[in-house]
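Engineer: Quick one, what's the 3D model for this:
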Amino acid sequence: MLAFLERTGFTVTKVATGTYEVEYNTSFNDTPAVTLTQNYRDWNDFGYEGGDTRDNCVLVASNRNKFKLITGDSPGDHTDRNFTFIAIGS
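Structural biologist: Below you'll find the model as predicted:
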């Protein structure tokens, strides 16, 4: 039987251009799995034809209390971008 615990709340801190730390209000028992998605331009801009598959975000470090990520552009420069995440664990 799987038991899921709901963790609500987190704080995002920008530590440098394109670099963020996300701290959970309630720590996980073990390091959770974290997935990230970067949104290039605007969440609701369905007419935008640009973007590059190299525009992305990278998980740098993760523990049971927080994780660090970098968002960037196609040349690989750290760039402030919209992002979402899912952290799942116990």
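Engineer: if I look at residue 59, how far off is residue 41?
Structural biologist: Look at residue 59 and residue 41: by C-beta to C-beta, to the nearest Å, they are 22 Å apart. Heads up, the C-betas are built off the backbone N, CA and C, glycines and all.
Engineer: count of neighbours near the residue nearest to residue 65 when sequence neighbours are not counted?
Structural biologist: Spatially, and ignoring its direct neighbours in sequence, residue 65 is nearest to residue 27 (4.9 Å; C-beta to C-beta, 6 or more residues apart in numbering). Look at residue 27: counted by other C-beta atoms under 10 Å, it has 13 neighbours.
Engineer: Could you do residue 45 as well?
Structural biologist: Counted with other C-beta under 10 Å, the neighbours of residue 45 add up to 11.
Engineer: what sits up against the helix or strand encompassing residue 69?
Structural biologist: Per DSSP states H and E: residue 69 is located in strand 66-72. Strand 66-72 is touched from outside by 15, 18-24, 34, 36, 38, 55-62, 78-81, 83, 85, 87, with contacts defined as C-beta atoms under 8 Å, 6 or more residues apart in numbering.
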